[in-house]
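Trainee: with the input below, show me the fold.
(2 chains, ligands or ions: 4)
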Amino acid sequence: MPAVFDAQRAKDIIDAHLALEGPLLPILHAFVEEFGFVDDAAVPQIADALNITRAEVHGVLTFYHDFRREPAGRHILKICRAEACQARGCESVADHCLADLGVDWHGTTADGAITVEPVYCLGLCANGPSALFDDEPIAELTADKLVGVIEEADAA
Amino acid sequence: MTRIFVPRDVVALALGANKVAAAILENAKARGADVTIVRNGSRGMFFLEPLIEVETPAGRIAYGPVSAQDVSSLFDAGFLNGGAHALRIGRPEEHPYLKRQTRLTFARCGITDPLSLDDYAAHEGWLGLKRAIEIGSAAIVEEITKSGLRGRGGAAFPTGIKWKTVADTKADRKYVVCNADEGDSGTFADRMVLEDDPFMLIEGMTISAIAVGASKGYVYCRSEYPHAVKAFNAALDLARAAGYLGKDILGSGHAFDIELRVGAGAYVCGEETALLESLEGGRGMVRAKPPLPAIHGLFQRPTVINNVLSFAAAPFILAHGAKAYADFGMGRSRGTMPLQLAGNIRYGGLFETAFGLTLGEIVEDIGGGTASGRPVRAVQCGGPLGAYFPPALFETPFDYEAFAAKDGLIGHGGIVVFDDTVDMMAMARFAMEFCAIESCGKCTPCRIGSTRGQEVIDKIFDGVDVDANISLLEDLCQTMKFGSLCALGGFAPYPVMSALRHYPEDFRPRTAAVAAE
Ligand SMILES: Cc1cc2nc3c(=O)[nH]c(=O)nc-3n(C[C@H](O)[C@H](O)[C@H](O)COP(=O)(O)O)c2cc1C
Ligand code: SF4
Ligand code: FES
Ligand code: FES
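Mentor: Numbers count the residues shown, from 1 in each chain, chains lettered A, B, ... in the order given. Ligands and ions are numbered 1, 2, ... in the order given. Coordinates of the predicted model:
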């Protein structure tokens, strides 16, 4: 559940990683884990702590697909679009899922519940189409199956 | 008490294994049956997952694919004693899919509880490490070299030579880095090692560390594998607590520890120099070589960087000797390759075998053709940068050199099957699109060429100067192939060119206006 950005909490996260070699990626991952995204306000704070420029932090932040810079929905749905899933019809299944949710790729449902992202392989390539709903893996994805997974998550 | 094995591999989880485990416990309770559930790894027969196994006096008896709804009827059928049931597979090792394999690296996979040190030790675990400690650096490198092992990450570089370079380079600090970025669609063998036999990777990296004199190891795992990350971290804690990692490994005086790092969704970070940049905390930009990572690698220190499967082969080679490994295979492709059968295939899964089967045998005999039941039209080998093979090339033996001779690559061993509904122009466009999304941006042919490639294919789609645009596409592929720094831009032309060469009939206009003519 994304928290609100909090400079003290941010400092704690940074400090907890300072002993690592090459701490920048682990720090950015921890921010996404804690707040749901990396707030621009964190950039100078991280730069100061690691003694690198803001431009360097910004460069890394924007290079990687995983480091989201804006809040996302409460759940993240990643649907695989790579070749092995294409061979098993992922494009039409994904279209169906997106239409049901009323979003496009990278979009968030109107109620803020789910953000849908494309992903290129989840290592479930013999049982596609594949998806990941938060950390819940889904094989043989269909639009109906997705409804069931979402209902279960809501009930939990 | 009866032991029931329910796999914890993410494929089994994605098909409901946790619900099956819960249903077994619930049914057992209601019926007063005394059962324990062991969460084993997967046997790699993904077409049968969740594949559960019951320990009986006659050995383990498998049932699959089992859903939670089947559990009650399994109890009714007396499955705790191996009773007959429509889902009964029998002894898993007798199943033709497993029986035909040569499992050296994946010998334990699916049999053991991946997080049980006792299981690991009872199934030849740590024998390779113990021998490595005994024989020392030079002899370890010699064994790996003699085994003929070539890197399983894609480039097929001899592993022994790499280790020797690092061993011979003097430095205050050296690293062993495991490439677990496994970005290729259609591959999952690295993931299975991390989830289903993680101590084997720890053992392999430790052997490498002793060989080259490294004190610190990193595993760089893609973020798309959250279950593998959890499993491997748990294994690291257990190994450390038991003295297999740490300041004095098994009393040998060698110090070595491993840390897992998680990627952030960039395919190019599987390229070794980009991976090192990423580990250091930078953008995943490819570095020009030389200098080689073996001399100036992570933090400028000598670094062994190998694929998961390369390290995972080391315990077997050390425990059984180089010859036992090199006796398998053909030509310069020695040992076994864990094939990964994926996509539209009837019997998808992990199939470890000596090099040398033909592609046709792999796809048709072992894989059983397509899952859809339609004819096979194309097989992409070696991931998103690998060529498409038509059935006309099914005689090609699975061997690094034989594939290269057909302008293809084995890469990491992924084999993705497509039936006759595939649109090869769309697949060619996807190869360019993927390259554009994932390009690190360092060189123009890759960064700009891939976007141009998509546009040119769109023009062919729209019926604009079709012949001229097809030759333009060919030119562009040549430019990318020869003008790119790394294999992302350099190999993206292979799927495109192979699609053009083998399926020219697909490269034609598709717009409604043209179709109506
Ligand atoms: C774009 C690109 C992606 C790559 N991805 C991977 C990967 O995911 N895993 C891997 O082991 N090697 C990958 N490689 C190959 C590595 O650069 C390198 O050759 C390998 O890690 C060396 O280990 P090996 O000798 O054990 O194969 C990739 C190469 C390129 C150009
Ligand atoms: S070929 Fe592409 S990915 Fe490789 S170095 Fe050049 S721009 Fe980067
Ligand atoms: S291609 Fe979709 S999971 Fe691998
Ligand atoms: S991977 Fe070999 S040159 Fe880039």
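
Trainee: so who does the residue of chain A found nearest ligand 2 touch?
Mentor: Here chain A gets closest to ligand 2 at one residue, A:F63, 11.5 Å apart by Cβ to the nearest ligand atom. In short, each C-beta sits where N, CA and C put it, glycine included. A:F63 sits next to B:A266, B:R283, B:G284 when contact means Cβ atoms under 8 Å, 6 or more residues apart in numbering or on different chains.

Trainee: could I get those residues as TSV with neighbour count, secondary structure and distance to ligand 2?
Mentor: Converted to TSV, those look like this (neighbours: other Cβ atoms under 10 Å in any protein chain shown; DSSP: H, G, I helix; E, B strand; the rest coil; distance: Cβ to the nearest ligand atom, whole Å):
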residue	neighbour count	secondary structure	distance to ligand 2
B:A266	24	coil	10
B:R283	20	coil	11
B:G284	26	coil	9
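
Trainee: ok, of those residues, which one's closest to chain A?
Mentor: B:R283 (4.0 Å; Cβ to the nearest Cβ).

Trainee: need the pLDDT of the residue in chain A that ligand 4 sits nearest to.
Mentor: Per Cβ to the nearest ligand atom, A:F63 is where chain A lies closest to ligand 4, at 17.8 Å. Residue-level confidence at A:F63 comes out at 97, pLDDT.

Trainee: please apply the same query to the one 10 residues further on.
Mentor: pLDDT, A:G73: 95.

Trainee: tell me the bridge partners for the closest residue to it other than its chain neighbours.
Mentor: Leaving aside its chain neighbours, A:G73 sits nearest to A:T115 (3.9 Å; criterion: Cβ to Cβ, 6 or more residues apart in numbering or on different chains). Going by DSSP bridges, A:T115 is paired in beta bridges with A:I76, A:T108.

Trainee: A:T115 reaches A:I79, doesn't it?
Mentor: No: between A:T115 and A:I79 no contact is recorded; they are 11.5 Å apart, counting by Cβ atoms under 8 Å.

Trainee: so between those two, which is more surrounded?
Mentor: A:I79 (25 against 22; other Cβ atoms under 10 Å in any protein chain shown).

Trainee: in a strand, that one, correct?
Mentor: Yes: using DSSP: H, G, I helix; E, B strand; the rest coil, the assignment for A:I79 is a strand.

Trainee: so is stretch B:287-304 next to ligand 1?
Mentor: No: judged by Cβ under 6 Å from any ligand atom, stretch B:287-304 stays clear of ligand 1, getting no closer than 8.8 Å.

Trainee: where does chain B get nearest to ligand 3, which residue?
Mentor: Counting by Cβ to the nearest ligand atom, chain B gets nearest to ligand 3 through B:S185 (3.9 Å).

Trainee: neighbours of the closest residue to B:M425 other than its chain neighbours, how many?
Mentor: The shortest distance from B:M425 to any residue other than its chain neighbours is 4.6 Å, reached at B:D506 (Cβ to Cβ, 6+ apart). Summarising burial for B:D506: neighbours were counted as other Cβ under 10 Å, giving 19.

Trainee: from chain A, which residue is nearest to ligand 1?
Mentor: A:C121 (10.0 Å).

Trainee: can I assume that residue is in contact with A:C80?
Mentor: Yes: A:C121 lies in contact with A:C80 (Cβ under 8 Å); the separation is 6.1 Å.

Trainee: residues in contact with residue 83?
Mentor: If you meant another chain, say so; for now it's chain A. Taking Cβ under 8 Å, 6+ apart as the definition of contact, the neighbours of A:E83 are B:S185, B:G186, B:G343, B:Q380, B:P384, B:V416, B:M427, B:F430.

Trainee: please refer instead to chain B.
Mentor: Going by Cβ under 8 Å, 6+ apart, B:G83 touches B:A77.

Trainee: ditto for A:L24
Mentor: When contacts are counted by Cβ under 8 Å, 6+ apart, A:L24 is found next to A:I46, A:L50, A:I52, A:V57, A:V60, B:G281, B:G282.

Trainee: measure it to B:V417 for me?
Mentor: For A:L24, the distance to B:V417 equals 40 Å [Cβ to Cβ, to the nearest Å].

Trainee: do A:C121 as well
Mentor: The span separating A:C121 from B:V417 equals 16 Å under the rule Cβ to Cβ.

Trainee: and for B:V496?
Mentor: Shown here: B:V496 relative to B:V417, a distance of 19 Å by Cβ to Cβ.

Trainee: cool, A:E83 as well?
Mentor: Counting by Cβ to Cβ - A:E83 and B:V417 are separated by 10 Å.

Trainee: next, give phi and psi for the residue lying farthest from the centre of chain A.
Mentor: With distances taken from the mean C-alpha point of chain A and given as Cα atoms, centre = their mean, the most distant residue is A:N51, at 27.5 Å. With angles defined as degrees, to the nearest 10, A:N51 sits at phi 60, psi 40.

Trainee: that one and A:L18, how far apart?
Mentor: When distances are taken as Cβ to Cβ, A:N51 and A:L18 turn out to be 10 Å apart.

Trainee: what do you get for B:V71?
Mentor: Using Cβ to Cβ, one gets 50 Å for the distance from B:V71 to A:L18.

Trainee: same check on A:P118?
Mentor: 34 Å.

Trainee: likewise B:A319?
Mentor: B:A319 is 40 Å from A:L18, where distance means Cβ to Cβ.

Trainee: for A:F37, what are its contacts?
Mentor: Taking Cβ under 8 Å, 6+ apart as the contact definition, A:F37 lies against A:P2, A:F31, A:R68, A:R69, A:E70, A:P71, A:A72.

Trainee: among these, which one has the most neighbours?
Mentor: For the contacts of A:F37, the largest neighbour count, defined by other Cβ under 10 Å, is 23 neighbours, found at A:F31.

Trainee: which ones are touching it?
Mentor: By Cβ under 8 Å, 6+ apart, the contact list for A:F31 reads A:A10, A:I13, A:F37, A:V38, A:D39, A:A42.

Trainee: which SS state does the closest residue to B:R131 other than its chain neighbours fall under?
Mentor: Of all residues beyond its chain neighbours, the one nearest B:R131 is B:L318 (5.0 Å), with distances taken as Cβ to Cβ, 6+ apart. Applying three-state DSSP to B:L318 yields a three-state assignment of helix.
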